[in-house]
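Chemist: show me the folded form of this:
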Amino acid sequence: MMILITLSGGLQDAYTYITRAGVFANAQTGNIVLLSRALFLSDWGRAFSYLIPITAYAAGILVAALLRHRFQKHNGILHWRHIVVLAEILLLSSVSLLPTSVNSIANAIVSFSCAMQVEAFRKARGHAYASTMCIGNLKSCMENLSDFIVEKKEGSLKNTLYYALVIIVFAAGAGSGALLSIALGIPAILFSSFLLLLSFILMLRRS
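Modeler: Modelled structure (predicted):
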């Protein structure tokens, strides 16, 4: 399931950058840098286009956290993470219907969805990881490699390979997302929804 979630994360970022006017959906650090640049150049329209996904991302984190607090102790079939994935599928599918004339809205929806995913899926097999960005995974990968080289710490090589795999999967999602976005344009985001649907099915089978 981690592979499907991470592939989807990489695809979403490539999609918004290529199809939706060069805005990152996942990497809000990049958007903050571009926002600051636009502000210092007095390019107010461009600045606003970057402020929207940043604000939507923050809102997505908040909503997912509230869902966790509300439904974490729920003992029924649906876990709070199921709700997050279902919401993501619906939100991302809706983006496939939006024309380029409303890119700001599309980017806001994707950023909101990405943020919910980041908050909901923070661990896999006991390892902290991020499914929609690479910087933290790269840091963890190199830290574990250092532990293996210097201390021969038990499990550190396995952890190194695990984080390397996560980075490769994300890159594969971004690469395939780029190709799909170039070939299909706006509907390419539906492939991300499909990956999340497969993840949802796997989650139900495990619950």
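Chemist: contacts for the lowest-mean-pLDDT helix or strand in the chain next, please.
Modeler: When each helix and strand of the chain is scored by mean pLDDT, DSSP states H and E, strand 123-124 comes last, with a mean of 77. The set of residues that contact strand 123-124 without belonging to it, under CB atoms under 8 Å, 6 or more residues apart in numbering, is 1-2, 129. For glycine as for every other residue, the C-beta is placed from the backbone atoms N, C-alpha and C.
Chemist: ok, now which ones touch the residue positioned nearest the centre of the chain?
Modeler: Residue closest to the mean C-alpha point of the chain, counted by CA atoms, centre = their mean, is residue 132 at 3.0 Å. When the contact criterion is CB under 8 Å, 6+ apart, the partners of residue 132 are 6, 9-10, 12-13, 25-26, 114, 117-118, 170.
Chemist: surely it is in a helix?
Modeler: No: assigned with DSSP: H, G, I helix; E, B strand; the rest coil, residue 132 falls outside any helix and is coil.
Chemist: from residue 1, how far off is it?
Modeler: Spatial separation of residue 132 from residue 1 under the definition CB to CB, to the nearest Å is 15 Å.
Chemist: just say helix, strand or coil for residue 26.
Modeler: For residue 26, the assignment made with three-state DSSP gives coil.
Chemist: how far does stretch 200-207 sit from the chain's center?
Modeler: Averaging C-alpha coordinates over stretch 200-207 and over its chain gives two centres that are 20 Å apart (CA atoms, centre = their mean, to the nearest Å).
Chemist: all helices of the chain, in order?
Modeler: Counting by DSSP state H, residue ranges of the helices within the chain are 2-19, 28-40, 44-71, 80-95, 103-120, 135-151, 156-184, 190-206.
Chemist: quick one: the third one to helix 28-40, angle?
Modeler: Translated: helix 44-71. Following axes from the mean of the first three to the mean of the last three CA atoms, to 10 degrees, one obtains 150 degrees for the angle between helix 44-71 and helix 28-40.
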